[in-house]
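1. Provided below for reference: sequence and predicted model.
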Amino acid sequence: MKLVRDESLDRFDILPLLVATDGAIAAFGRDRRRLRPNIVVGGVSGLDERTWPGSQLVIGDVVIGIADLRGRCIMTTFDPDTLDHDPNVLRDIVNRFGGKLALNCEVLRGGTIQVKQEVKLVRSGATADALA
């Protein structure tokens with residue numbers, strides 16, 4: 001057996017990239033791996049990410065478009081280490097976050113990013129805000 005590259009357009013869940021923030025993960029209060037983010041942005045207060053849809057994240061030369069909040073599914077209910085199922089996790093996400101947590105995103109301009117690199121939030125028609 002061997003790994004192969006999949007170039008089809010229908011391999012993604014919603015959009016090709018899921019971004020979460022440390023503030024939202026802290027509010028979630030569980031293992032961040034249950035959310036399955038591709039990128040975690042640090043230095044974000046509370047649930048500030050909920051105001052980001054329609055904006056862009058700029059990380060060096062990379063530009064990430066933020067589409068909307070991710071509607072969460074049953075996969076969050078499985079412990080990433082034991083695979084034990086806890087339906088209360090999804091119930092909690094529905095009750096406290098309206099069923100949505102983290103951000104559906106897409107790469108607008110690709111490149112290489114690194115841990116601890118500065119992230120700038122660019123809101124539509126506004127200036128960039130630096131994030132940690």
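-> Okay, I see it.
2. distance of the residue sitting nearest the centre point of the chain from residue 84?
-> With distances taken as CA atoms, centre = their mean, the residue of the chain nearest its centroid is residue 19 (2.0 Å). Taking CB to CB, to the nearest Å as the measure, residue 19 falls 27 Å from residue 84. Just so you know, the C-beta spots here come from the backbone N, C-alpha and C atoms, and that holds for glycine as well.
3. Of all the residues in the longest helix seen in the chain, which ones are buried?
-> Assignment by DSSP state H gives helix 88-97 as the longest helix of the chain. Buried residues in helix 88-97, counted by 16 or more other CB atoms under 10 Å: 89-90, 92-93, 97.
4. Repeat that for stretch 101-114.
-> By 16+ other CB under 10 Å, the buried positions in stretch 101-114 come out as 101-105.
5. Could you export it as CSV, keeping only the C-alpha atoms?
-> Provided in CSV are the C-alpha atoms of stretch 101-114 (Å, rounded to 0.1, in the frame of the first residue of the first chain):
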residue,chain,number,x,y,z
LEU,A,101,-17.4,26.6,16.6
ALA,A,102,-14.2,27.5,14.7
LEU,A,103,-14.0,29.0,11.2
ASN,A,104,-14.5,27.6,7.7
CYS,A,105,-11.7,29.1,5.6
GLU,A,106,-9.9,28.8,2.3
VAL,A,107,-6.4,29.7,1.1
LEU,A,108,-6.5,32.8,-1.1
ARG,A,109,-2.8,33.1,-1.5
GLY,A,110,-0.6,30.1,-0.6
GLY,A,111,2.8,29.9,0.9
THR,A,112,4.6,28.6,4.0
ILE,A,113,3.7,29.5,7.6
GLN,A,114,5.4,28.8,10.8
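6. what's in contact with that stretch?
-> For stretch 101-114, the external contacting residues (CB atoms under 8 Å, 6 or more residues apart in numbering) are 14-20, 24, 28, 35, 37, 39, 49, 52-53, 56-57, 59-70, 72, 93.
7. Low-confidence regions, the protein specifically.
-> Low-confidence segments of the chain (pLDDT under 70): 1-15, 125-132.
8. would you list every one of the strands in it?
-> Remark: strands assigned in the chain by DSSP state E are 17-21, 39-41, 56-59, 62-71, 100-109, 119-122, 128-131.
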